[in-house]
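Novice: no FASTA, just this:
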């Protein structure tokens, strides 16, 4: 995993710009001391290191606008930061300032009747979830970094996570958006409407644009009814084709009651059984594939256990599954989920792991797993494919564990080569080389490799139109605009 | 209801342009005879009349691209037409050509495992529904014009309809889009992925832009599991506040099982009872408001009748409803739906009706109905508010029937004045002046009245960037770009 070299820009602000920023947000909210800047220059895994002259922490939308106006006048790059938890270097500053949303952290409103919550960009995702929960509602966006990532970053990167099958990506959860444009004007669109056809849907431009078109400062988000009952099951299957057929069967029969459908390959299961204390074999014989299925319902008396039993009995009759267990208690359900969630941890015990972020049309998953497994095994004999993840979304974690006894560092050095082999196959099958994590700095060249020239050209035109001075997170997503 | 005057453009094509168009799509696919052009110059209600030099009917995306290139070179306006069923004059040509998608009518693929269907823009909505149905799936977009509107138009206008509560608007049903840009290049984005974060989500620009940024030629649409059981009920309520509280109650308890929640005011019910043969009073005493509730499930054995009974019993206990009936048969359910669906027909018997297309945050609906009713009654004593519609979406049909005995023509002449009174109140409460129908030609000035200058400016910038020659449906949505 290599990173692109970016130009080093002088990390000292011109005095007049520093004065203006301090006047706009207060002296305390402009950080310039080198040690205090350090956490904003790097990301948690240490894969990227940038440079910036200051971190500015506006506390209101108007202060954000003032900061952007000052930077626009000075031609100073702005890298918006939420929780700085991105995985593709989208938040790495290459000169200019980091605009932190940490103080933009108010929950402005919760409208229970309208099923909406209005939050500022700096609210931590877990706090959005908690506020919804306290109002007896659900905000379904959920991902590993939820304790520190901020909702503005989630929206700017169109975060995915574990609830996409049932509730969609971050984009699907937004009704209204407030954005500070690259010239400092405020685009106010904090609508809480479910039907509104009044001109171009401008918010869509900013969701998923990774801070390159403007700064998201607040959003109106959808709330949902809380699930009250759920049932978890694990099915044993002979091959991945059966897993796809089982998904079709479960979707047709259970529809939106189906809240999770997670694939676990035999090797992934094996790693867990070996390395995770307390995990016990769920089946007498280890199956080539397992699928974790969850049904959930907001109706307190919904007979989901019966539904799951019927579903699995039908699947067994149809020859789709070879065995199945249904959790009879919360403890049993938690044990099944622990098995699924321990896979990355178990993989660590097996040495280096190369990760991909691909997605596919569900129908192409079996072909993909077959072709990509063969291709990486040909490229590196002994490499061990560990396939698992959100099969219901077509989002497969196609992780690669090093050959037994191989040197970890030399294995990890093959990241780019192996990732390209995997991505080429995914793309040829109508898939994506970046299902969840985005482009950031890491995949700028990959985007140029796979996107059509027409699509790149439209992206560049949009970037030029909305950010003509190229000050919004320059060098990320789309370059040469 | 008045229409804007638009410049009359010479309705004869230059000979070289006609030759080029005929060479591109075949002579038969270029209509220039005045009588054959007539249906494309008008819309079904006769409220708009335009002018065009030709109707061109390309049969492939490449032919669309060729047509657009020819028009771009000649500076000739293009008005894309699907079924020409729009209600705001978005399809009215003001010179140039009409590009009809009628021959672009293939279903390219149906991927059952991926739950997607790939259709060309000219496929009639009912045919998309039918193809899904034949594959044991559901394409949920459904609206009055579904027998003649075409999916390209539905996407270009982000159609709403009756299934929004459960499945969202047209925008929410799109995974991939193919578009011919204003310079004739093809933007190919027929992805069937549920997770794909690879740059700006360009398809969102074209969905809902009413043909002003490019021509949608094909789309990948989401399919869903078919509902297998449903239950319909009608509840009697004392006021509209109770209806909003009942929605909260139903949503929290039934979640996505709740597939319809339709408000019927006492006057709307009264009109139906008077004018629609066979409609009988559902309650002993006519209530101030009724709500039609439908629960649906994809699980064949889902005990929805029990769920509905419990839901309504709890609502009665909580004082939210005064009475309720649950349909015991399909015939009874159909009778309840007939009541709801007959309201517009019943209104016709009461003389002129002025219609609005507003939506509101659900929490603002009671205040809106109170304030708007008083305002229109003040403006025109004797006017009769007929409020009904998709309360679950905040999309209320706030129809106005003429005073008893008034002159129909002079009543209808007050359309703009009354619509403005209603829209002003909706907008002040965070609502929309165009929930479903869009802007077209009819609401260009209304858009300018209500949208912020910043939003208008970004729209104009997008329009200039993607259509610098202003040939794509000029004069619609956003002008002065």
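Specialist: Right, received. Where do you want to start? The structure displayed is predicted, hence computed values, not measured ones. Numbering: from 1, shown residues only, chains lettered A, B, ... in the order given.
Novice: dump the residue contacts of the spatially closest residue to residue A:190 that is not a sequence neighbour.
Specialist: For residue A:190, ignoring the flanking residues on the chain, the nearest one in space by CB to CB, 6 or more residues apart in numbering or on different chains is residue A:176 at 4.3 Å. C-beta coordinates here come from the backbone N, C-alpha and C atoms, glycine included. Residues counted as contacts of residue A:176 (CB atoms under 8 Å, 6 or more residues apart in numbering or on different chains) are A:118, A:189-193, A:203, A:219-220.
Novice: swap the cut-off to 6 Å and go again
Specialist: By CB atoms under 6 Å, 6 or more residues apart in numbering or on different chains, the residues touching residue A:176 are A:189-191, A:220.
Novice: Mind putting these into CSV with secondary structure, distance to residue B:243 and neighbour count?
Specialist: Rendered in CSV, the data for those read as follows (DSSP: H, G, I helix; E, B strand; the rest coil; distance: CB to CB, whole Å; neighbours: other CB atoms under 10 Å in any protein chain shown):
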residue, secondary structure, distance to residue B:243, neighbour count
A:189, strand, 28, 23
A:190, coil, 25, 18
A:191, coil, 22, 19
A:220, strand, 23, 26
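Novice: Could you give the number of residues near residue A:196?
Specialist: The local packing count at residue A:196 equals 26, with neighbours defined by other CB atoms under 10 Å in any protein chain shown.
Novice: mind checking how far it is from chain B?
Specialist: 4 Å (CB to the nearest CB, to the nearest Å).
Novice: looking at it, that residue is touching residue B:431, isn't it?
Specialist: No. Taking CB atoms under 6 Å as the contact criterion, residue A:196 and residue B:431 are not neighbours in contact, 8.5 Å apart.
Novice: per-residue confidence at residue A:281?
Specialist: We have a pLDDT of 94 for residue A:281.
Novice: Could you grab the helix/strand/coil label for it?
Specialist: Recorded secondary structure, residue A:281: coil (DSSP: H, G, I helix; E, B strand; the rest coil).
Novice: Spatially nearest residue to it (excluding sequence neighbours)?
Specialist: Nearest in space to residue A:281, with sequence neighbours left out and distances taken as CB to CB, 6+ apart, is residue A:273 at 6.0 Å.
Novice: Flag every residue of the stretch 1-150 of chain A that's near chain B.
Specialist: Applying CB under 6 Å from any CB of the partner chain, we find that the stretch 1-150 of chain A lies next to chain B at A:111, A:113-114.
Novice: Kindly reformat these as TSV containing secondary structure, pLDDT and neighbour count.
Specialist: Written out in TSV, the entries for the residues of the stretch 1-150 of chain A next to chain B read as follows (DSSP: H, G, I helix; E, B strand; the rest coil; pLDDT from 0 to 100; neighbours: other CB atoms under 10 Å in any protein chain shown):
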residue	secondary structure	pLDDT	neighbour count
A:111	strand	98	18
A:113	coil	97	18
A:114	coil	98	26
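Novice: would you turn these into CSV with distance to residue B:12?
Specialist: Putting the residues of the stretch 1-150 of chain A next to chain B into CSV (distance: CB to CB, whole Å) gives the following:
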residue, distance to residue B:12
A:111, 56
A:113, 57
A:114, 53
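Novice: Out of those, which comes closest to residue B:94?
Specialist: Compare each of the residues of the stretch 1-150 of chain A next to chain B with residue B:94 using CB to CB and the shortest gap goes to residue A:114, at 39.0 Å.
Novice: Could you confirm residue A:340 falls within a strand?
Specialist: No. Counting by three-state DSSP, residue A:340 falls outside a strand, being helix.
Novice: What's the local residue count around it?
Specialist: Around residue A:340 sit 21 other residues, with neighbours defined as other CB under 10 Å.
Novice: I'd say it and residue A:262 touch.
Specialist: Yes. Counting by CB under 6 Å, residue A:340 sits close enough to residue A:262 to count as a contact (5.2 Å).
Novice: Common neighbours of the two, please.
Specialist: In the contact map built from CB under 6 Å, 6+ apart, the residues linked to both residue A:340 and residue A:262 are residue A:292.
Novice: what would the contacts of residue A:176 look like in a markdown table with pLDDT?
Specialist: Supplementary listing: the contacts of residue A:176 in a markdown table, determined by pLDDT from 0 to 100:
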| residue | pLDDT |
| --- | --- |
| A:189 | 96 |
| A:190 | 97 |
| A:191 | 96 |
| A:220 | 98 |
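Novice: Am I right that the residue nearest to residue A:281 sits in a strand?
Specialist: No. Residue A:273 sits outside any strand when classified using three-state DSSP, being helix.
Novice: ok now do the residue in the stretch 1-150 of chain A positioned nearest to chain B, which residues does it touch?
Specialist: With distances taken as CB to the nearest CB, the stretch 1-150 of chain A approaches chain B most closely at residue A:113, which sits 3.8 Å away. Taking CB under 6 Å, 6+ apart as the definition of contact, the neighbours of residue A:113 are B:244, B:248, B:362-363.
Novice: Most neighbours out of those residues, which is it?
Specialist: For the contacts of residue A:113, neighbours were counted by other CB under 10 Å; the highest total belongs to residue B:362, with 28 neighbours.
Novice: So for stretch A:27-44, what gets flagged as buried?
Specialist: Buried residues in stretch A:27-44, defined by neighbour count with 16 or more other CB atoms under 10 Å in any protein chain shown: A:29-32, A:37, A:40-41, A:43.
Novice: would a markdown table of those with secondary structure and pLDDT be doable?
Specialist: Converted to a markdown table, the buried residues of stretch A:27-44 look like this (DSSP: H, G, I helix; E, B strand; the rest coil; pLDDT from 0 to 100):
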| residue | secondary structure | pLDDT |
| --- | --- | --- |
| A:29 | helix | 98 |
| A:30 | strand | 97 |
| A:31 | strand | 96 |
| A:32 | coil | 95 |
| A:37 | helix | 94 |
| A:40 | helix | 95 |
| A:41 | helix | 93 |
| A:43 | coil | 85 |
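Novice: Count the neighbours of residue A:46 for me.
Specialist: The number of residues near residue A:46, taken as other CB under 10 Å, comes to 7.
Novice: just the one 5 residues further on next, same as before
Specialist: As a burial measure, residue A:51 scores 17 neighbours (other CB under 10 Å).
Novice: Distance of it relative to residue A:75?
Specialist: Distance of residue A:51 to residue A:75, given as CB to CB, to the nearest Å: 17 Å.
Novice: Residue A:477 is in contact with residue A:439, isn't it?
Specialist: Yes. With contact defined as CB under 6 Å, residue A:477 reaches residue A:439; the gap is 4.6 Å.
Novice: Okay, domains of chain A per the record?
Specialist: A:4-100, A:107-225, A:229-333, A:350-440 (automatic domain parsing).
Novice: Can you tell me which of these is most buried?
Specialist: Across those, averaging neighbours per residue (mean count of other CB atoms under 10 Å in any protein chain shown) puts domain A:107-225 on top, at a mean of 23.
Novice: Report the residue spans of chain A with pLDDT below the cut-off.
Specialist: Chain A contains residues with pLDDT under 70 at A:1-10.
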